[in-house]
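Undergrad: what would the 3D arrangement of this be:
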Amino acid sequence: MQIRGYASRFHEVDDGGDCVHRGAFLRSLVRRPTQDIKMLWQHDPSRPIGRWTSIREDSQGLFVQGEILDAVAQGREAAHLIAAGVLNGLSIGFKARKARRDPHTGCRDVLAVDLWEVSLVTFPLLRSARLDSSD
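TA: Okay, here's the model as predicted:
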């Protein structure tokens, strides 16, 4: 099953208080090839469920495209949940390389990250980080 969507959106505060800024992923995407950024189930490193074929920054955020592997039991389950409209969340696993706390809002402005995985999740911290349902 092919999937795509936004794993992160710029200038939106997530439920953890992070606000990712445009350009935050650029260096990481140059240093780490797409095939090295893992597709996981619910951020569990013992449960990869597919592979990302394209990851890029655009004007809205971090756009991802990938393939869920149906040879993996969890991949089959995820594909069925996506097809049924039950699962549509995306979430990023990263280490902040450059960030600052906004003294007015208390939010953490994330300016540079080391991205290592993008997961399919039930409840994304960034509520707008979703699969594209137009397919």
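
Undergrad: and Q74, which of the three is it?
TA: helix (DSSP: H, G, I helix; E, B strand; the rest coil).

Undergrad: in the chain, which spans are helices?
TA: Applying DSSP state H to the chain gives helices spanning 26-31, 73-83.

Undergrad: now render those helices as a markdown table, adding distance to L90 and mean pLDDT.
TA: For the C-beta atoms, the positions are set from N, CA and C on the backbone; glycine is no exception. Below are the helices of the chain laid out as a markdown table (distance: least, CB to CB, whole Å; pLDDT from 0 to 100):
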| stretch | distance to L90 | mean pLDDT |
| --- | --- | --- |
| helix 26-31 | 16 | 96 |
| helix 73-83 | 11 | 95 |
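
Undergrad: winner for burial among these?
TA: Of all those, helix 73-83 carries the top mean neighbour count, a mean of 16, counting by mean count of other CB atoms under 10 Å.

Undergrad: what is it packed up against?
TA: strand 44-57, strand 61-68 (3 or more CB pairs under 8 Å, 6 or more residues apart in numbering; DSSP states H and E).

Undergrad: closest one to V118 among the helices of the chain?
TA: Closest to V118 of these, according to CB to CB: helix 26-31, at 11.8 Å.

Undergrad: pLDDT score assigned to the closest residue to P124 other than its chain neighbours?
TA: In space, and not counting its chain neighbours, P124 is closest to G89: 3.9 Å by CB to CB, 6 or more residues apart in numbering. pLDDT recorded at G89 is 98.
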